[in-house]
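> please find the sequence and the predicted model below.
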Amino acid sequence: MSLELNDVTLTYPDGDGRLTALDRVSLEVPGGGLTAVVGPSGSGKSSLLAVAATLIRPDSGSVAVDGERVEGLAPGRLAELRRSRIGIVFQQPNLLASLTAAEQLQVMAQISGRPPRRARPRALELLEAVGLADQAERRPHQLSGGQRQRVNIARALMNDPAVLLVDEPTSALDHERGAAVVDLIARLTRGQGTATVLVTHDRAHVGAADRVAEVFDGRLRLPAATG
Ligand SMILES: Nc1ncnc2c1ncn2[C@@H]1O[C@H](COP(=O)(O)OP(=O)(O)OP(=O)(O)O)[C@@H](O)[C@H]1O
(Lines give C-alpha, C1' and ligand atoms only; values in the text may rest on other atoms or scores of the structure.)
Protein backbone atom coordinates (compact mmCIF):
# COMPACT_ATOMS: atom_id res chain seq x y z
CA MET A 1 0.00 0.00 0.00
CA SER A 2 1.45 3.35 -0.96
CA LEU A 3 0.82 6.73 -2.51
CA GLU A 4 3.26 8.40 -4.84
CA LEU A 5 3.12 11.84 -6.44
CA ASN A 6 5.96 12.53 -8.81
CA ASP A 7 6.76 16.00 -10.11
CA VAL A 8 3.11 17.06 -10.12
CA THR A 9 2.21 20.47 -11.50
CA LEU A 10 -1.37 21.73 -11.43
CA THR A 11 -2.62 25.05 -12.78
CA TYR A 12 -6.04 26.68 -12.80
CA PRO A 13 -7.34 29.26 -15.28
CA ASP A 14 -6.79 32.73 -13.84
CA GLY A 15 -7.98 35.66 -15.91
CA ASP A 16 -5.88 35.67 -19.06
CA GLY A 17 -3.24 33.43 -17.54
CA ARG A 18 -2.87 30.41 -15.30
CA LEU A 19 -2.37 30.16 -11.58
CA THR A 20 0.09 27.50 -10.44
CA ALA A 21 -1.52 25.71 -7.50
CA LEU A 22 1.04 22.88 -7.34
CA ASP A 23 4.56 23.38 -8.57
CA ARG A 24 6.51 20.16 -9.28
CA VAL A 25 5.35 18.45 -6.12
CA SER A 26 6.76 15.02 -5.26
CA LEU A 27 5.58 13.02 -2.29
CA GLU A 28 5.89 9.39 -1.35
CA VAL A 29 3.84 7.94 1.48
CA PRO A 30 4.44 4.30 2.41
CA GLY A 31 1.74 2.02 3.79
CA GLY A 32 1.38 2.51 7.54
CA GLY A 33 2.84 6.04 7.26
CA LEU A 34 1.11 9.27 8.23
CA THR A 35 2.23 12.45 6.48
CA ALA A 36 0.73 15.70 7.74
CA VAL A 37 0.55 18.55 5.22
CA VAL A 38 0.50 22.06 6.65
CA GLY A 39 0.59 25.45 5.00
CA PRO A 40 -1.18 28.80 4.85
CA SER A 41 -4.58 29.33 3.28
CA GLY A 42 -4.37 29.17 -0.51
CA SER A 43 -0.99 27.41 -0.52
CA GLY A 44 -2.29 24.34 -2.37
CA LYS A 45 -3.19 21.80 0.33
CA SER A 46 -6.67 20.98 -0.97
CA SER A 47 -5.35 20.84 -4.53
CA LEU A 48 -2.74 18.32 -3.42
CA LEU A 49 -5.40 16.18 -1.80
CA ALA A 50 -7.68 16.42 -4.86
CA VAL A 51 -4.86 15.28 -7.15
CA ALA A 52 -3.98 12.42 -4.78
CA ALA A 53 -7.66 11.46 -4.69
CA THR A 54 -7.60 11.34 -8.52
CA LEU A 55 -10.44 13.87 -8.51
CA ILE A 56 -8.32 16.40 -10.46
CA ARG A 57 -5.87 15.43 -13.18
CA PRO A 58 -2.66 17.47 -12.96
CA ASP A 59 -1.16 19.31 -15.96
CA SER A 60 1.94 17.16 -15.67
CA GLY A 61 3.57 14.64 -13.38
CA SER A 62 2.32 11.29 -12.21
CA VAL A 63 0.27 9.81 -9.41
CA ALA A 64 0.46 6.16 -8.34
CA VAL A 65 -2.03 4.59 -5.95
CA ASP A 66 -0.99 1.28 -4.49
CA GLY A 67 1.62 1.04 -7.23
CA GLU A 68 -0.83 1.72 -10.07
CA ARG A 69 -0.24 4.80 -12.21
CA VAL A 70 -3.51 6.68 -12.68
CA GLU A 71 -2.69 8.68 -15.83
CA GLY A 72 -4.16 7.11 -18.86
CA LEU A 73 -6.65 4.95 -16.96
CA ALA A 74 -10.09 4.85 -18.56
CA PRO A 75 -12.71 6.79 -16.54
CA GLY A 76 -14.47 3.59 -15.44
CA ARG A 77 -11.26 2.00 -14.17
CA LEU A 78 -10.28 5.24 -12.45
CA ALA A 79 -13.64 5.41 -10.66
CA GLU A 80 -13.21 1.79 -9.62
CA LEU A 81 -9.70 2.46 -8.30
CA ARG A 82 -10.97 5.48 -6.37
CA ARG A 83 -13.83 3.49 -4.85
CA SER A 84 -11.78 0.48 -3.89
CA ARG A 85 -8.34 1.87 -3.03
CA ILE A 86 -8.89 5.40 -1.72
CA GLY A 87 -10.65 6.51 1.46
CA ILE A 88 -11.46 10.18 1.81
CA VAL A 89 -12.40 12.03 5.00
CA PHE A 90 -13.79 15.48 4.34
CA GLN A 91 -13.97 18.32 6.84
CA GLN A 92 -17.66 17.84 7.48
CA PRO A 93 -18.82 14.29 8.17
CA ASN A 94 -21.78 14.46 5.69
CA LEU A 95 -23.52 11.52 7.29
CA LEU A 96 -26.95 10.47 6.09
CA ALA A 97 -29.50 11.62 8.65
CA SER A 98 -31.74 8.57 8.47
CA LEU A 99 -29.03 5.91 8.86
CA THR A 100 -27.50 4.49 12.01
CA ALA A 101 -23.73 4.64 12.50
CA ALA A 102 -23.36 1.00 11.40
CA GLU A 103 -25.54 1.58 8.34
CA GLN A 104 -23.42 4.58 7.26
CA LEU A 105 -20.55 2.12 6.93
CA GLN A 106 -22.54 -0.76 5.45
CA VAL A 107 -23.82 1.42 2.65
CA MET A 108 -20.22 1.88 1.46
CA ALA A 109 -19.84 -1.86 1.01
CA GLN A 110 -23.12 -1.92 -0.89
CA ILE A 111 -22.00 0.85 -3.27
CA SER A 112 -18.84 -1.11 -4.00
CA GLY A 113 -20.75 -4.32 -4.61
CA ARG A 114 -19.18 -6.11 -1.67
CA PRO A 115 -21.04 -9.00 -0.05
CA PRO A 116 -23.59 -7.59 2.44
CA ARG A 117 -23.07 -10.60 4.71
CA ARG A 118 -19.55 -9.42 5.51
CA ALA A 119 -20.41 -5.73 5.69
CA ARG A 120 -22.14 -5.77 9.05
CA PRO A 121 -19.35 -7.48 11.05
CA ARG A 122 -16.73 -5.28 9.37
CA ALA A 123 -18.75 -2.15 10.17
CA LEU A 124 -19.00 -3.16 13.82
CA GLU A 125 -15.29 -3.97 13.94
CA LEU A 126 -14.39 -0.54 12.57
CA LEU A 127 -16.82 1.26 14.91
CA GLU A 128 -15.10 -0.54 17.75
CA ALA A 129 -11.70 0.57 16.41
CA VAL A 130 -12.82 4.20 16.56
CA GLY A 131 -14.25 3.80 20.06
CA LEU A 132 -17.93 3.70 19.09
CA ALA A 133 -18.81 0.05 19.70
CA ASP A 134 -21.77 1.08 21.85
CA GLN A 135 -23.04 3.75 19.42
CA ALA A 136 -23.57 1.54 16.38
CA GLU A 137 -27.35 1.90 16.37
CA ARG A 138 -27.40 5.66 16.86
CA ARG A 139 -28.28 8.12 14.14
CA PRO A 140 -26.17 11.25 13.49
CA HIS A 141 -28.39 13.59 15.58
CA GLN A 142 -27.81 11.32 18.58
CA LEU A 143 -24.02 11.63 18.28
CA SER A 144 -21.64 14.42 19.28
CA GLY A 145 -19.53 16.28 16.68
CA GLY A 146 -16.45 14.26 17.63
CA GLN A 147 -18.38 11.00 17.42
CA ARG A 148 -19.76 11.93 14.00
CA GLN A 149 -16.23 12.59 12.78
CA ARG A 150 -15.19 9.16 14.10
CA VAL A 151 -18.01 7.55 12.11
CA ASN A 152 -16.79 9.50 9.09
CA ILE A 153 -13.27 8.11 9.55
CA ALA A 154 -14.50 4.55 10.09
CA ARG A 155 -16.63 4.89 6.94
CA ALA A 156 -13.58 5.89 4.88
CA LEU A 157 -11.89 2.64 5.96
CA MET A 158 -14.84 0.41 5.13
CA ASN A 159 -13.48 -0.68 1.76
CA ASP A 160 -9.98 -1.32 3.12
CA PRO A 161 -8.34 1.49 1.15
CA ALA A 162 -4.62 1.54 0.42
CA VAL A 163 -4.64 5.32 0.65
CA LEU A 164 -6.42 7.46 3.24
CA LEU A 165 -6.79 11.19 2.52
CA VAL A 166 -7.99 13.41 5.33
CA ASP A 167 -8.92 17.07 4.90
CA GLU A 168 -8.98 19.25 8.03
CA PRO A 169 -10.76 16.67 10.18
CA THR A 170 -10.57 18.81 13.30
CA SER A 171 -12.04 22.06 12.01
CA ALA A 172 -15.41 21.51 13.69
CA LEU A 173 -13.90 20.24 16.95
CA ASP A 174 -12.39 21.83 20.03
CA HIS A 175 -8.67 21.37 20.61
CA GLU A 176 -8.86 18.30 22.80
CA ARG A 177 -11.32 16.43 20.58
CA GLY A 178 -9.31 17.50 17.53
CA ALA A 179 -6.12 16.06 19.01
CA ALA A 180 -7.94 12.81 19.86
CA VAL A 181 -9.16 12.51 16.25
CA VAL A 182 -5.63 12.99 14.87
CA ASP A 183 -4.26 10.42 17.34
CA LEU A 184 -6.97 8.05 16.17
CA ILE A 185 -6.00 8.59 12.52
CA ALA A 186 -2.36 7.85 13.38
CA ARG A 187 -3.34 4.66 15.19
CA LEU A 188 -5.60 3.49 12.35
CA THR A 189 -2.89 4.27 9.78
CA ARG A 190 -0.54 1.91 11.57
CA GLY A 191 -3.20 -0.69 12.32
CA GLN A 192 -4.74 -0.80 8.85
CA GLY A 193 -1.50 -0.10 6.98
CA THR A 194 -2.88 2.78 4.92
CA ALA A 195 -0.71 5.41 3.27
CA THR A 196 -2.27 8.45 4.93
CA VAL A 197 -2.11 12.15 4.11
CA LEU A 198 -3.63 14.52 6.65
CA VAL A 199 -4.14 18.15 5.70
CA THR A 200 -4.39 20.49 8.65
CA HIS A 201 -4.18 24.15 9.51
CA ASP A 202 -3.36 23.33 13.06
CA ARG A 203 0.29 22.66 13.75
CA ALA A 204 -0.60 21.61 17.27
CA HIS A 205 -2.00 18.43 15.74
CA VAL A 206 0.98 17.28 13.73
CA GLY A 207 2.82 15.61 16.61
CA ALA A 208 1.18 12.27 15.83
CA ALA A 209 2.45 12.28 12.22
CA ASP A 210 5.53 10.41 11.03
CA ARG A 211 6.41 13.35 8.83
CA VAL A 212 5.26 16.91 8.35
CA ALA A 213 5.33 18.41 4.86
CA GLU A 214 4.92 22.15 4.35
CA VAL A 215 3.24 23.65 1.32
CA PHE A 216 3.99 27.22 0.42
CA ASP A 217 2.88 28.82 -2.83
CA GLY A 218 2.31 25.42 -4.41
CA ARG A 219 5.75 24.10 -3.46
CA LEU A 220 6.18 21.23 -1.06
CA ARG A 221 8.98 21.19 1.44
CA LEU A 222 9.71 17.88 3.03
CA PRO A 223 11.98 17.39 6.00
CA ALA A 224 13.87 14.14 6.38
CA ALA A 225 11.71 11.31 7.68
CA THR A 226 11.72 11.16 11.46
CA GLY A 227 10.04 7.93 12.15
N1 LIG B 1 -11.11 25.67 -9.01
C2 LIG B 1 -10.20 26.64 -8.92
N3 LIG B 1 -10.07 27.57 -9.90
C4 LIG B 1 -9.13 28.54 -9.84
N5 LIG B 1 -8.26 28.69 -8.82
C6 LIG B 1 -8.34 27.80 -7.79
C7 LIG B 1 -9.32 26.74 -7.79
N8 LIG B 1 -9.16 26.03 -6.64
C9 LIG B 1 -8.14 26.62 -5.96
N10 LIG B 1 -7.65 27.66 -6.65
C11 LIG B 1 -6.50 28.51 -6.25
O12 LIG B 1 -5.38 27.65 -6.13
C13 LIG B 1 -4.57 28.00 -5.00
C14 LIG B 1 -4.46 26.82 -4.07
O15 LIG B 1 -5.75 26.58 -3.50
P16 LIG B 1 -6.04 25.39 -2.47
O17 LIG B 1 -7.52 25.37 -2.24
O18 LIG B 1 -5.39 24.15 -2.94
O19 LIG B 1 -5.28 25.93 -1.15
P20 LIG B 1 -5.39 25.47 0.38
O21 LIG B 1 -4.00 25.47 0.90
O22 LIG B 1 -6.16 24.21 0.46
O23 LIG B 1 -6.22 26.64 1.04
P24 LIG B 1 -7.18 26.61 2.35
O25 LIG B 1 -6.30 26.26 3.52
O26 LIG B 1 -7.69 28.01 2.42
O27 LIG B 1 -8.26 25.58 2.08
C28 LIG B 1 -5.23 29.23 -4.40
O29 LIG B 1 -4.58 30.37 -4.92
C30 LIG B 1 -6.66 29.15 -4.89
O31 LIG B 1 -7.23 30.45 -5.01
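Great, that's in hand. Residues are numbered from 1 along each chain as shown.

> buried residues in the longest helix anywhere in the chain, which are they?
Assignment by DSSP state H gives helix 175-192 as the longest helix of the chain. Of the residues in helix 175-192, those buried by neighbour count under the rule 16 or more other CB atoms under 10 Å are 177, 178, 179, 180, 181, 182, 184, 185, 186, 188, 189, 192. (Each C-beta comes from the backbone N, C-alpha and C, glycine too.)

> stretch 148-168 now?
148-159, 161-168.

> near the ligand at all, it?
No - applying CB under 6 Å from any ligand atom, one finds stretch 148-168 separated from the ligand by no less than 7.5 Å.

> what is the mean pLDDT for that stretch?
When the per-residue pLDDT values of stretch 148-168 are averaged, the result is 93.

> ditto for stretch 173-190
Across stretch 173-190, the per-residue pLDDT values average to 86.

> and stretch 85-100, by the same measure?
Here stretch 85-100 scores 91 as its mean pLDDT.

> do stretch 37-50 as well
94.

> residues in contact with it?
Contacts made with stretch 37-50 from outside it, assessed by CB atoms under 8 Å, 6 or more residues apart in numbering, are listed as 5, 10, 21-22, 25, 27, 56, 165, 167, 197-201, 203, 206, 212-218, 220.

> out of those, which are buried?
Neighbour-count burial (16+ other CB under 10 Å) is assigned, among the contacts of stretch 37-50, to 5, 10, 21-22, 25, 27, 56, 165, 167, 197-200, 206, 212-215, 218, 220.

> picking up where we left off before, tabulate the buried residues of helix 175-192 (CSV), appending distance to residue 122.
CSV is the format used below for the buried residues of helix 175-192 (distance: CB to CB, whole Å):
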residue, distance to residue 122
177, 26
178, 27
179, 27
180, 23
181, 21
182, 24
184, 18
185, 19
186, 21
188, 14
189, 18
192, 12
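
> for those residues, which one is nearest the ligand?
Distance ranking of the buried residues of helix 175-192 against the ligand, using CB to the nearest ligand atom, places residue 178 first at 15.7 Å.

> for that closest one, which residues are in contact?
Taking CB under 8 Å, 6+ apart, we find residue 178 in contact with 169, 170, 202, 205.

> now render these as CSV, adding neighbour count, secondary structure and distance to residue 140.
Conversion of the contacts of residue 178 to CSV gives the following (neighbours: other CB atoms under 10 Å; DSSP: H, G, I helix; E, B strand; the rest coil; distance: CB to CB, whole Å):
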residue, neighbour count, secondary structure, distance to residue 140
169, 25, coil, 16
170, 24, coil, 18
202, 15, coil, 24
205, 23, helix, 24
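
> can you pick out the most distant pair from the residues you listed?
169 and 202 (10.2 Å; CB to CB).

> can you tell me how far the nearest residue to residue 141 once chain neighbours are set aside is from residue 138?
Closest residue in space to residue 141, ignoring its immediate chain neighbours: residue 97 at 7.0 Å, by CB to CB, 6 or more residues apart in numbering. For residue 97, the distance to residue 138 equals 12 Å [CB to CB, to the nearest Å].

> looking at these two, which is more packed in?
Residue environment comparison for residue 97 versus residue 138 gives the larger neighbour count to residue 138, 16 against 7, counting by other CB atoms under 10 Å.

> now do the phi/psi pair for that one.
phi -90, psi 150 (degrees, to the nearest 10).
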